[in-house]
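> What shape does this take:
(chains A and B)
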Amino acid sequence: MDLNFLIKTAASALAIALLVALAAWARIARLTPSLDEAAVRDILAFEFPGVQAASIWISEDGHGAIVRVSDEAFIVYRIGDSYVARSAPWALLAKAEPKNGAIDLRLADADAPRARFKLGEGAVWPPAFEAAA
Amino acid sequence: MTFDPVTLATPFFILLVIAEILAAKFAKTRTNYEARDTATSLAMGLGSTVAGVLIGGLVAGVTLWVYQHRVFTIPMTAVWAWLAIFFLEDLTYYGFHRLSHERRFWWAAHVNHHSSQHYNLSTALRQTWTGGINGTWLLWMPLAFLGFPPTMIAIEKGVSLVYQFWIHTEAIKRLPAPIEAVFNTPSHHRVHHARNPRYLDRNYAGILIIWDRMFGSFEPERDEEPPRYGIVKNLGDFNIVRVAFHEWIGIGRDLTQARSLRDVLGYVFGPPGWRPDGEGTTSEDLRRAWRERVGKGSQSST
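Numbers count the residues shown, from 1 in each chain, chains lettered A, B, ... in the order given. As a prediction, the model looks like this:
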């Protein structure tokens, strides 16, 4: 690679840093209030149409939610100002150990290998769910 | 080469991103930027430039070799030649883009462009790192074989890339009907970036939307169904290595489960989401399931 290319690349990297700083300063990310049941149901309806959640567990910080249907769990968690949804065997969640006030799930998914849910003080893990209708 | 549209346009790309951010901040246009998402998109763009340099010599060499075996000699100075390459390159782009969505081997290189859940000008720069190695550049070789000079092809490809930058925005709602009828616009391309089943694998156009209208892949943006951006299974973090390679890794993982040649071919060259048991989530599977849910009332309006 020649010097000209290296200079161009370095200038591009600097421009990227400035644009990212501008985007952070502008504070124009989507509004992402803490999840509530209605918001979770809306996300689930799009991500997992047909899944009927009898009850929903929402993490302490409102950034994540879990629904259990039989032996399967449907999880939603925040990334930046958006949400990611995945399904996982309920057994995976059930055997997870709370650590430092959170559950750190290791998913068998190269696209989304990790999901973290904050637990409230004295929260019981795994959460109990009402039976689906 | 002395004239490179992309290099010339790069300062304007930066200025337009700044303008879009400031417009969202002060004029309250319908645009969102999330800093880490923006960083990922722009870093992918820079990485793509580096990858392009690494593979550029091979592409140029092969193009030149094909041109040396051309059928005709098309002059760069003729207006008709530029008109012809405008349409032919745009049609080639349509084919490349459709292939890049409908077959996993090529989707693996293109998926990163769709991996943001945002749709803004920085998303336009979220470009592939692996597009050179899957050989889609060969699709442009017939133009060289016909007799279009390699420089002319490179310039027209650059023009197409520059055109496609500004359409990655939510700040422009709809353009006048004659423009929407002929050209790829922000509205048409929002549909292309959407993951709503109705919108999946639609509007592959580069500059002209006429190809989608001709080949049955056109879908208009509907006010009652705002696009939800991203991919069918959105990525769980902003790691650029994951953005660049996750589908390739997915192919590798699936191949370890393959039990026959059919499985191997399906996992590599089938549509994204294909599974041997038919229980996959291809775009057509998702669209079919959606149609069943919404009923025939909605089908008749598609």
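
> rest of the way, CA atoms for contacts and neighbours
OK.

> tally of neighbours for the closest residue in space to A:Glu121 that isn't next to it in sequence?
Leaving aside its sequence neighbours, A:Glu121 sits nearest to A:Gly101 (C-alpha to C-alpha, 6 or more residues apart in numbering or on different chains; 7.4 Å). The tally of other residues near A:Gly101 (other C-alpha atoms under 10 Å in any protein chain shown) stands at 14.

> Let me know the pLDDT of A:Gly101.
Per-residue confidence (pLDDT) for A:Gly101: 93.

> residues contacting it?
When contacts are counted by C-alpha atoms under 8 Å, 6 or more residues apart in numbering or on different chains, A:Gly101 touches A:Lys118, A:Leu119, A:Gly120, A:Glu121.

> ok, the third one touching A:Glu60?
The reference is to A:Gly120. Yes - using C-alpha atoms under 8 Å, A:Gly120 makes contact with A:Glu60 at a distance of 5.1 Å.

> which one of the two has more residues nearby?
A:Glu60 (18 against 12).

> Can you report phi and psi for the residue nearest to A:Glu121?
phi 70, psi 20 (degrees, to the nearest 10).

> if I look at it, how far off is A:Asp61?
From A:Gly101 across to A:Asp61, the span is 11 Å (C-alpha to C-alpha, to the nearest Å).

> just B:Trp80 next, same as before
63 Å.

> circling back: now the contacts of A:Gly101 in CSV, with distance to B:His101, pLDDT and secondary structure?
Listed next are these as CSV, based on distance: C-alpha to C-alpha, whole Å; pLDDT from 0 to 100; DSSP: H, G, I helix; E, B strand; the rest coil:
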residue, distance to B:His101, pLDDT, secondary structure
A:Lys118, 37, 96, strand
A:Leu119, 40, 95, coil
A:Gly120, 43, 88, coil
A:Glu121, 46, 86, coil
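
> which one among those gets closest to chain B?
Nearest to chain B among the contacts of A:Gly101: A:Lys118, at 16.6 Å, using C-alpha to the nearest C-alpha.

> Contacts only, for the closest one.
Residues in contact with A:Lys118 (C-alpha under 8 Å, 6+ apart) are A:Ser59, A:Glu60, A:Asp61, A:Gly101, A:Ala102, A:Ile103.

> Quick check: residues of chain A near chain B?
Applying C-alpha under 8 Å from any C-alpha of the partner chain, we find that chain A lies next to chain B at A:9, A:12-13, A:15-17, A:19-24, A:26-30, A:79-82, A:84-86, A:110-115.

> then stretch B:219-234 to CSV, C-alphas only?
Provided in CSV are the C-alpha atoms of stretch B:219-234 (Å, rounded to 0.1, in the frame of the first residue of the first chain):
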residue,chain,number,x,y,z
GLU,B,219,-43.3,-3.0,-3.9
PRO,B,220,-44.4,0.6,-3.1
GLU,B,221,-44.0,2.0,0.4
ARG,B,222,-47.3,2.1,2.2
ASP,B,223,-48.1,4.7,4.8
GLU,B,224,-50.1,2.2,6.8
GLU,B,225,-47.1,-0.1,7.1
PRO,B,226,-44.0,1.8,8.0
PRO,B,227,-40.7,-0.1,7.3
ARG,B,228,-39.0,-1.8,10.1
TYR,B,229,-35.3,-1.8,9.2
GLY,B,230,-32.7,-4.5,9.6
ILE,B,231,-32.6,-8.2,8.8
VAL,B,232,-34.9,-11.0,9.7
LYS,B,233,-32.8,-11.9,12.7
ASN,B,234,-31.1,-8.7,13.8
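
> close to chain A, is it?
Yes - with C-alpha under 8 Å from any C-alpha as the criterion, chain A is reached by stretch B:219-234 at B:Lys233, B:Asn234.

> Contacts for that stretch next, please.
In contact with stretch B:219-234 (C-alpha under 8 Å, 6+ apart) are residues A:84-86, A:111-112, B:111, B:114-119, B:187-188, B:190-191, B:193-196, B:199, B:202-203, B:302.

> Just the buried subset of those residues, please.
The neighbour count (16 or more other C-alpha atoms under 10 Å in any protein chain shown) marks A:84-86, A:111-112, B:111, B:114-119, B:187-188, B:190-191, B:193-196, B:199, B:202-203 as buried among the contacts of stretch B:219-234.

> sec struct for A:Ala88, please.
strand (DSSP: H, G, I helix; E, B strand; the rest coil).

> Walk me through the domains of the chain.
Defaulting to chain A. As given by automatic domain parsing, the domain ranges for chain A are A:1-30, A:37-118.

> oops, chain B please
With automatic domain parsing as the reference, chain B has domains B:5-215, B:253-299.

> residues in contact with the closest residue to chain B within chain A?
Of all residues in chain A, A:Ala112 sits closest to chain B, at 4.0 Å by C-alpha to the nearest C-alpha. Neighbour list for A:Ala112: B:Asn234, B:Leu235, B:Gly236, B:Asp237 [criterion: C-alpha under 8 Å, 6+ apart].

> Redo the residues you listed as JSON lines? Include pLDDT, neighbour count and secondary structure.
JSON lines is the format used below for the contacts of A:Ala112 (pLDDT from 0 to 100; neighbours: other C-alpha atoms under 10 Å in any protein chain shown; DSSP: H, G, I helix; E, B strand; the rest coil):
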{"residue": "B:Asn234", "pLDDT": "97", "neighbour count": "21", "secondary structure": "coil"}
{"residue": "B:Leu235", "pLDDT": "97", "neighbour count": "25", "secondary structure": "coil"}
{"residue": "B:Gly236", "pLDDT": "96", "neighbour count": "23", "secondary structure": "coil"}
{"residue": "B:Asp237", "pLDDT": "95", "neighbour count": "19", "secondary structure": "coil"}
